[in-house]
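Novice: Provide a 3D model corresponding to the input given below.
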Amino acid sequence: MIEEARLGDIWKRCAAYIFDILLVNLFVFIILIAFTVTNSPLAKIYGIAFANLAIFAYFVYFESSQAQATPGKKWMNLKVVDFEEKRISFLRAFFRYFARGMSGLVLVVVDIAANGTGIINQHLGWYFLIPVVTYAPVLFMDMRQGVHDVMAGTVVVKGSTEDKE
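Specialist: Below is the predicted model:
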């Protein structure tokens, strides 16, 4: 069991996530600008696909890397580990990233099932609940885990002690 003193502070996790989102979205914004300069609809589709792939690769690569942290988490002295405080595999990082979006996927499926088609614009307010559903458990769970952490079997801890492989 991981000691409570080792768990990452919630405010640091928030700051790290905001930093990461800003950093990766700056890169994504540049990619999208480059792809939308052309008038080709196919180039725009490729740009969106590449941008989503870049965001995915950012989180999965860094969290499964030797550093065990994205640049934002590293800045806040946090890292993602399993319950034995070991580095997570690429596959587990992949699943953790996928699980982060599960609440959004569920909301879209429910929207489609209820309306026959995804009417995102008419129900946009509901989509703001996605972060609440995904991250609010961090405030209440003993191990400060979000839904994605529980599903992937991961914990965010302070990165100051000796690294375990």
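Novice: What segments of the protein are helices?
Specialist: 10-36, 41-64, 71-75, 90-100, 102-115, 124-127, 129-135, 137-140, 147-152 (DSSP state H).
Novice: Next, format the ones you listed as TSV and append distance to residue 2.
Specialist: No exception for glycine: its C-beta is placed from N, CA and C like everyone else's. What follows is these, written out as TSV (distance: least, CB to CB, whole Å):
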stretch	distance to residue 2
helix 10-36	15
helix 41-64	17
helix 71-75	16
helix 90-100	16
helix 102-115	24
helix 124-127	33
helix 129-135	19
helix 137-140	15
helix 147-152	12
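Novice: a markdown table for the ones you listed, including mean pLDDT?
Specialist: What follows is the helices of the chain, written out as a markdown table (pLDDT from 0 to 100):
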| stretch | mean pLDDT |
| --- | --- |
| helix 10-36 | 87 |
| helix 41-64 | 85 |
| helix 71-75 | 94 |
| helix 90-100 | 91 |
| helix 102-115 | 67 |
| helix 124-127 | 61 |
| helix 129-135 | 69 |
| helix 137-140 | 75 |
| helix 147-152 | 86 |
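Novice: Columns mean neighbour count on top of the ones you listed, output as a markdown table?
Specialist: Shown next, in a markdown table, are those (neighbours: other CB atoms under 10 Å):
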| stretch | mean neighbour count |
| --- | --- |
| helix 10-36 | 15 |
| helix 41-64 | 15 |
| helix 71-75 | 19 |
| helix 90-100 | 18 |
| helix 102-115 | 14 |
| helix 124-127 | 11 |
| helix 129-135 | 15 |
| helix 137-140 | 13 |
| helix 147-152 | 19 |
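Novice: Please name whichever of those helices is nearest to residue 84.
Specialist: helix 90-100 (12.3 Å; CB to CB).
Novice: Residue 83: which of the helices of the chain is closest?
Specialist: helix 147-152 (10.5 Å).
Novice: which other helices and strands contact the closest one?
Specialist: The contact analysis (3 or more CB pairs under 8 Å, 6 or more residues apart in numbering; DSSP states H and E) places helix 147-152 against helix 90-100, helix 102-115, helix 129-135, helix 137-140.
Novice: mind running it again at 6 Å?
Specialist: With contacts taken as 3 or more CB pairs under 6 Å, 6 or more residues apart in numbering; DSSP states H and E, helix 147-152 sits against helix 90-100.
Novice: got a list of contacts for the helix it packs on?
Specialist: 59, 60, 63, 64, 148, 151, 152, 154 (CB atoms under 6 Å, 6 or more residues apart in numbering).
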